[in-house]
Each structure stands twice: as C-alpha cells, then as structure tokens.
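[1] coords below, sequence missing:
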C-alpha cells in the first residue's frame with residue numbers, strides 16, 4: 001500500500017513522527033505478509049495508487065498525526081468537560097419550557113373531548129372564518145378519535161402549539177432585528193443555514209447528554225431549533241421587501257422608527273410572516289415524530305412502535321393521523337394568510 005513515508009522523510013520529520021508513538025501506525029495484512037515473506041519490495045506501489053491524504057492515511061505514515069477517532073474522541077471529551085457548566089446555565093433557563101409542555105399536554109388530554117373538540121373548532125373558525133376548513137378539522141379529529149388515537153393526537157397538537165408559539169415569540173423579533181441591521185444579518189445567516197441543513201437526528205445528540213430523557217425540554221429545544229428558521233428568514237425578508245416609497249411617505253409624515261415598524265412595515269410584511277409561521281408549524285410536526293425517540297409523546301410513539309415491533313397497521317394508521325394533522329394545520333394557517341391578503345387588498 002502506497003504511503004506518505006517518503007514525504008515525511010524528505011521533510012526531515014521522521015524523528016518527530018516516530019516520537020509520536022505510532023511508528024507508522026498499525027500494519028495492514030499485506031504489509032504483514034510481505035514482512036513475513038521477506039519481500040519488502042512488495043510494499044512499493046505506484047504513485048498512481050497514492051491514497052487520499054486523510055487523517056488515518058497520514059497517521060499510517062506518521063504516528064504523531066491524529067487519527068479520525070482521536071478527533072472525534074477529543075470533541076466528545078471537550079463537550080463532556082463543559083457539560084456541567086452548560087447545565088448550570090441551561091437548566092434554569094429552559095425549565096419554563098418543560099413546565100409549559102407538561103401543562104399544555106395535561107390540559108389538552110385531561111379536558112373532556114366534548115369540550116376540547118368544540119374549542120378547537122371555535123378557534124379554527126376564529127382564525128380561518130371558513131366553514132370548509134372547520135368541517136375538514138372536524139372530520140379529521142373525528143377520524144382520529146374513532147380509531148382511538150385521540151389522546152395521542154392531542155399530545156402532538158399540544159407540543160406543536162407550545163413550540164410554534166415559542167418559535168414565533170423568539171423568531172419574529174430576531175427577524176425584525178436582522179432586517180434592521182445588515183451586520184446582524186451577516187452574522188445570523190450562517191447560523192440559520194447550519195440550523196436548516198443540520199440533519200434532524202443530530203439535534204438530539206448533544207441534548208441527550210445535557211438533559212434527562214424524562215425532561216420535556218429535551219425534545220422541546222430540538223423542535224424549536226429545527227423549526228425556528230423559516231419564521232426568522234421570512235420575517236426578515238418580508239420587512240426588507242416593503243416598498244421604499246411607502247417608507248419614504250412614512251418619513252414624510254414624521255413617523256418614528258417604532259411607528260414605521262408597527263404601523264407600516266409589520267402590517268405589509270404580515271403575509272410573509274404568516275407564511276413563515278406556516279412553515280414553522282409544518283417543521284415542528286415533522287420534528288415531533290423524530291423526537292419520539294427521546295420520549296416525546298404523541299402519534300410519533302405509535303409510528304416508532306410500528307417500526308420496532310414490525311406492526312404495519314399501527315405504523316400506517318399513526319402515520320396517516322400525522323398526515324391529517326399536517327393537512328389541517330396547513331389549511332388553517334393558509335386560510336388565515338388568505339384573510340390577511342384579502343383585508344390588505346381591501347385597503
């Protein structure tokens with residue numbers, strides 16, 4: 001196997017490499033067979049077959065260079081060494097999230113169905129003002145209740161309501177701040193890009209080490225980090241897309257920055273903000289299913305049960321229930337967005 005021994009020798013680093021303790025690293029089977037047969041020339045390979053200069057391949061030629069497993073182990077040790085300090089800060093700060101999730105889940109599950117369902121339908125009417133959407137919500141929730149998935153559906157909705165509310169509560173002010181500061185936008189954009197492209201399962205890895213699996217904030221933080229990006233981006237975009245002539249007219253009327261924000265920019269950006277809220281709710285629902293791996297209650301638990309126990313029917317019915325929840329949440333928020341557009345056009 002071709003190695004980088006010659007490179008380190010030519011650079012005069014052989015003593016440094018040997019002092020690293022690797023002594024060339026573990027030998028491959030081909031190297032052992034060549035040494036046993038005394039055929040050392042078999043180790044000479046064409047430069048065409050030179051391996052990629054990765055950590056492991058460089059470590060094979062120079063023991064002073066880390067292997068990939070040394071890098072990952074170093075990251076793990078660094079995180080574990082900082083875990084206690086992080087807990088001191090994060091535990092008190094995130095405890096209200098656990099309380100909110102517990103109370104909302106208890107409220108929606110403990111409330112009798114003949115009270116909760118009319119309340120949800122009334123909220124749907126107040127938001128959407130569409131009997132078609134109200135009928136869709138009634139049929140969907142009725143089906144979930146008919147197949148004995150009512151409790152799980154309420155748990156899932158409770159988690160989504162809390163996490164989406166916090167996403168809006170944090171995301172809209174952040175988006176407004178980014179729209180008013182190019183520097184903040186340049187700083188925040190890479191962070192948002194990372195949050196948006198990071199695989200959903202990766203959010204759970206550090207949180208498992210920071211919080212107990214029995215704490216609702218474990219999955220609550222994961223859902224918020226995963227779902228908050230759209231509302232921040234679309235709030236920033238919506239305010240930046242406000243017609244400059246409108247801003248100039250507001251300046252001509254002597255409006256302050258706060259008055260322009262609340263009376264001009266936010267009302268005109270509201271369709272974009274609502275579109276961000278819609279996407280945040282959809283992403284929250286997607287993450288709730290994955291968060292069932294870390295004790296998040298709801299329909300995701302039934303999907304996970306279907307996978308673990310190979311219960312095809314259980315998994316399909318629960319998955320269909322999640323689809324129904326996604327449809328009704330999407331239709332309600334889009335109906336609300338349509339009302340906003342109509343009211344704005346009416347002006």
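    Perfect, thanks for sending it. Everything quoted here is computed from the prediction, not taken from an experiment.
[2] hey, let's count contacts and neighbours off CA atoms from now on
    OK.
[3] what is the burial count for residue 199?
    Burial of residue 199 is recorded as 11 neighbouring residues (other C-alpha atoms under 10 Å).
[4] start and end of stretch 172-188, how far apart?
    The straight-line separation of the ends of stretch 172-188 (C-alpha to C-alpha, to the nearest Å) is 14 Å.
[5] could you give the mean pLDDT of the longest helix anywhere in the chain?
    Taking DSSP state H as the criterion, the chain has its longest helix at helix 68-110. Average pLDDT, helix 68-110: 91.
[6] what helices or strands is that helix leaning on?
    If contacts are counted by 3 or more C-alpha pairs under 8 Å, 6 or more residues apart in numbering; DSSP states H and E, helix 68-110 sits against helix 150-180, helix 204-210, helix 216-227.
[7] what's in contact with the shortest one?
    Okay, so that is helix 204-210. Contacts with helix 204-210, where a contact means C-alpha atoms under 8 Å, 6 or more residues apart in numbering, come from 83, 86, 87, 218, 219, 222, 291, 294.
[8] tell me the mean pLDDT over stretch 154-166?
    95.
[9] gap between that stretch and the chain center?
    Remark: stretch 154-166 is offset 15 Å from the chain centroid, using C-alpha atoms, centre = their mean, to the nearest Å.
[10] in it, what's buried?
    154, 155, 156, 157, 158, 159, 160, 161, 162, 163, 164, 165 (16 or more other C-alpha atoms under 10 Å).
[11] can you redo the residues you listed as JSON lines with distance to residue 231?
    Converted to JSON lines, the buried residues of stretch 154-166 look like this (distance: C-alpha to C-alpha, whole Å):
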{"residue": "154", "distance to residue 231": "24"}
{"residue": "155", "distance to residue 231": "23"}
{"residue": "156", "distance to residue 231": "21"}
{"residue": "157", "distance to residue 231": "19"}
{"residue": "158", "distance to residue 231": "20"}
{"residue": "159", "distance to residue 231": "18"}
{"residue": "160", "distance to residue 231": "15"}
{"residue": "161", "distance to residue 231": "15"}
{"residue": "162", "distance to residue 231": "15"}
{"residue": "163", "distance to residue 231": "13"}
{"residue": "164", "distance to residue 231": "10"}
{"residue": "165", "distance to residue 231": "11"}
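[12] spatially nearest residue to the most centrally placed residue in the chain, not counting backbone neighbours?
    Taking C-alpha atoms, centre = their mean, the centroid of the chain lies closest to residue 226, which sits 1.9 Å from it. Leaving aside its sequence neighbours, residue 226 sits nearest to residue 195 (C-alpha to C-alpha, 6 or more residues apart in numbering; 6.4 Å).
[13] helix/strand/coil for the one you found?
    helix (DSSP: H, G, I helix; E, B strand; the rest coil).
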